[in-house]
Every structure is written in structure tokens, then in C-alpha cells.
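Student: coords please:
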Amino acid sequence: GIRYVANNNAKAYVYGADLRLNGAFVPGTESWVSIGFLKTEENSNNRGYIARPSDQRLKFGILFQDYIPEFPNFKMYLNLVYNTGVPGGSPNYADPYIYNTRLRDYKRADLGISHIFVGGNRTYQKNHWLHKFKELSAGIEIFNLFNNQNSITNTWVRDVDSKQQFAVPNFMTSRVLNIRLRMRF
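Tutor: This next block holds a predicted model:
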């Protein structure tokens, strides 16, 4: 966890920017590219500046949506994310100047494919069983497509003999398959 020290003996700064360019590669879809930069450091007791827990540095993201021109009810999206690693923290009550390492870079790709049965400009007559739906779609999504091991925090383990502490990364969810059914009446 984060421990707050109320001694008012530190100076810190933060600066950054986050930019996003939205567009549509094909009509009726949304796509965007984003890039961000964040730097935040603190200087405690005039010991020098070290990274704060939210010191992200660089992030990059792309969302691309498309469909098959001959079959516009089949849609696809691809979401790509890359973030440089944040500081890994330090053990409880330890000097953060000693433990000034970063977690691994965060990399993720998500893929979704769906079919729209009802919705948009696709409707049905009263005698068809799908006429009761305002929207009906089904699809699959694969989150973390390449099964990257992304770390979110560290668990600190102490060696009994040497009394040294070692960071053991806590990994986020690996690849996930999601089946999606969306209905509106």
C-alpha cells in the first residue's frame, strides 16, 4: 500500500500530456490513436528526486474497428495498449530510495468479433421471431490475446537468513475468452 507521511518535508512535481486522435477508417465505426506522457517525482528531505507511484512516463493505445463490406453485420475491433512500467514500490516502513525499481512494461491486445442480428438498419417484419428485438448481437472477445504477463504490484518477501527483501510480481489476468450476447427489447 501507499503510506502518507505528514511531515511536509518533501517537494514534488508532475507534468504530462494526453492526446487522442479520433476518426473512422470506415463509415459507421469508431477508431482512435492515443499517446500520453506523465512524469511525477518527489524529493524527500533533500535526498534527490525519485519517481512517485503514478510515474507512468509513456502510454500508447490504438482502437481499430472494421466490418466486412459484403457482410456489414459482421464487425471486428482490435484494441492495442502499451504502457511503460510504473514504480514497483517498497516494503512497508522501508526506505523508498533503496527500492527504486519499476514494474515490467504493460502490453495488451484485445480482439472482438460480433454479428448483429437486429439493430442499426437491420429489422424484421412482425411474422419473424426476431421482430420483438430492438437490438440483438452475439460475439466473442479475447482479452489479452497474446497472454502477456502484466504485473500490477509487488509482494515483498523477506529472506530469513540474510534479512533481505525481494519483490515478487503480482500478475494480472492472463488471456480471457468472453462470449457476449446483447439484447434490447
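Student: let me know the outermost residue of the protein.
Tutor: The centre of the chain is farthest from one residue, residue 127, which by CA atoms, centre = their mean lies 44.8 Å away.
Student: helix, strand or coil: sort out residue 127 for me.
Tutor: Per DSSP: H, G, I helix; E, B strand; the rest coil, the secondary structure class of residue 127 is coil.
Student: so which residue is dead centre in this protein?
Tutor: Note: the chain centre (CA atoms, centre = their mean) maps to residue 81, 6.5 Å.
Student: and that residue, how far from residue 114?
Tutor: 20 Å (CB to CB, to the nearest Å). For glycine as for every other residue, the C-beta is placed from the backbone atoms N, C-alpha and C.
Student: now swap in residue 141 and tell me
Tutor: 8 Å.
Student: correct me if wrong, but residue 166 is in a strand.
Tutor: Yes - per three-state DSSP, residue 166 lies within a strand segment.
Student: wait, what's in contact with it?
Tutor: Neighbour list for residue 166: 156-159 [criterion: CB atoms under 8 Å, 6 or more residues apart in numbering].
Student: show me which pair in those residues is furthest apart.
Tutor: Comparing all pairs in the contacts of residue 166 by CB to CB, the longest separation belongs to 156 and 159, at 10.9 Å.
Student: name the residues contacting each of these two.
Tutor: With CB under 8 Å, 6+ apart, residue 156 and residue 159 have common neighbours 165-166.
Student: compare these two (neighbour count), which wins?
Tutor: residue 156 (16 against 9; other CB atoms under 10 Å).
Student: nearest spatial neighbour of that one, skipping sequence neighbours?
Tutor: Closest residue in space to residue 156, ignoring its immediate chain neighbours: residue 91 at 4.0 Å, by CB to CB, 6 or more residues apart in numbering.
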